[in-house]
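Engineer: Any chance you could fold what I've pasted below:
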Amino acid sequence: MTERVVSGIQQENDSQIDYTLRPKSLKDYIGQTKIVDNLKISIVASKQRNEPLDHTLLYGPPGLGKTTLSTILANEMESPIKITSGPAIERAGDMVSILTRLQKGEILFIDEIHRLNRTVEEILYSAMEDFVVSWMIDKGLKARSMNLPIQPFTLVGATTRFGMVSSPLRDRFGSVYRLNFYDNKSMEMIVKRSIAITNIEADTKGIVEIAKRSRGTPRIANRILRRVRDYAQVKANNKITGIVANEALTKLEVDEIGLDNNDRLLLKSIISNFKGGPVGIDTLATSISEESETIEDVYEPYLIQIGFLERTKKGRIVTEKTYKHLNIKSPKKNSSDQVSLF
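Structural biologist: Residues are numbered from 1 along each chain as shown. Reported below is the predicted structural model:
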């Protein structure tokens, strides 16, 4: 699942290229205009008051730039940054150790923050509000509370599952931003920037072809760009044109709007096995041998965004756009199914 070329989840080969192409400042950050504008104001205000930035929660599908924004915030605030993840912090003592070592104004970035266990999460409450670490020592009659002041800091949390972040933790963030899929114009600018940095030769049609198949996700765009570059190197004298990009991505079975075989399998399963829906998420997951969480986190966000899939109380339903794109005849209600008014 994670090795799909159109998956927003970070893959092993993405790390180096992501680091190279990642913007370092807000002026170089493309897209998410409203978020960037709000962050600019927050940064200037925090600097003027000589205070840490408000605790910030970023959420949205994988690959949209949550980690990138956290490093940009550190650069803009001229502060160091500590990067970790929810699953990596297993015990309350681990969190205490991290918090007590933070420097004044440092940014603590916790990816997958929804996966913090409750005991660890509770350590953050007093740290975020009062810059004090509180925890219990010993048990029973010997139990006592310890309060240790820590340096003022900024917590930046990132999650793909906003609903799984507990209310007490969510309420302690001063700023909460949802990152949305990028529009085609922004994606073209991102691809053009990546091409300039990596010194790849490409024309406008090649850029457009890559951008429109990148599912509005910068990480996917950069991954696809690498694959198309390899194809151009072997088959087209190192130049990416519209024709070359189309040929390369057709071989990768990525269609003109960024759907791959996995997406088509899911949509066709709903159509052929469940008459277009509604179908429950667990039943759908079983029908394509996939995990329910993977469908919710990886498949659905983009399919819903482009109007191919709908979530209802009864289950998932494909739309007329899906039938048209897959070139499948849409079922029509028989006259016997319709209720007569007379």
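Engineer: out of everything not next to it in sequence, what's closest to Glu188?
Structural biologist: Ala211 (4.3 Å; C-beta to C-beta, 6 or more residues apart in numbering). From N, CA and C alone the C-beta is placed, and that goes for glycine too.
Engineer: any low-confidence regions in the stretch 1-150 of the chain?
Structural biologist: Filtered on pLDDT under 70, the stretch 1-150 of the chain yields the residue ranges 1-2, 14-18, 136-143.
Engineer: What are the boundaries of the helices in it?
Structural biologist: With helices called from DSSP state H, counting those that start in this stretch, the stretch 1-150 of the chain shows them at 14-21, 33-49, 66-77, 92-100, 118-130.
Engineer: you'd agree Asn38 is up against Ser175?
Structural biologist: Yes. Asn38 lies in contact with Ser175 (C-beta atoms under 8 Å); the separation is 7.3 Å.
Engineer: those strands in the stretch 51-200 of the chain, which residues are they?
Structural biologist: 56-59, 81-85, 107-111, 132-137, 144-149, 154-159, 175-178 (DSSP state E, counting those that start in this stretch).
Engineer: Would you convert the ones you listed into TSV that also reports mean neighbour count and distance to Arg91?
Structural biologist: Output for the strands of the stretch 51-200 of the chain, formatted as TSV (neighbours: other C-beta atoms under 10 Å; distance: least, C-beta to C-beta, whole Å):
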stretch	mean neighbour count	distance to Arg91
strand 56-59	24	23
strand 81-85	15	13
strand 107-111	24	15
strand 132-137	14	11
strand 144-149	10	16
strand 154-159	25	18
strand 175-178	16	27
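Engineer: Could you export those strands as TSV, including distance to Glu12?
Structural biologist: Shown next, in TSV, are the strands of the stretch 51-200 of the chain (distance: least, C-beta to C-beta, whole Å):
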stretch	distance to Glu12
strand 56-59	23
strand 81-85	16
strand 107-111	16
strand 132-137	35
strand 144-149	39
strand 154-159	20
strand 175-178	28
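Engineer: which of the residues in stretch 241-251 are buried?
Structural biologist: For stretch 241-251, the buried set under the neighbour-count rule, 16 or more other C-beta atoms under 10 Å, comprises Thr241, Gly242, Val244, Ala245, Asn246, Glu247, Ala248, Leu249.
Engineer: Would you mind saying which of the helices of the stretch 1-150 of the chain lies nearest Thr160?
Structural biologist: helix 66-77 (8.6 Å; C-beta to C-beta).
Engineer: Show me what that closest one is packed up against.
Structural biologist: Under the contact criterion of 3 or more C-beta pairs under 8 Å, 6 or more residues apart in numbering; DSSP states H and E, helix 66-77 touches helix 33-49, strand 56-59, strand 81-85, strand 107-111, strand 154-159.
Engineer: hang on, the earlier thing: deepest of the helices of the stretch 1-150 of the chain, which one?
Structural biologist: The highest average neighbour count among the helices of the stretch 1-150 of the chain, using mean count of other C-beta atoms under 10 Å, belongs to helix 66-77 at a mean of 21.
Engineer: which other residues reach that one?
Structural biologist: With contact meaning C-beta atoms under 8 Å, 6 or more residues apart in numbering, helix 66-77 is reached by 22-26, 29, 32, 35, 39, 43, 46-47, 52-53, 56, 58-60, 80-81, 83, 105, 107, 109, 111, 154, 156, 158, 179.
Engineer: ok, now stretch 277-284?
Structural biologist: By C-beta under 8 Å, 6+ apart, the list of residues contacting stretch 277-284 reads 266, 269-270, 273-274, 287, 292, 295-296, 312, 314-318.
Engineer: what about burial for the residues you listed, which qualify?
Structural biologist: Among those, the ones that count as buried by 16+ other C-beta under 10 Å are Leu266, Ser269, Ile270, Phe274, Ser287, Ile295, Gly315, Arg316, Ile317, Val318.
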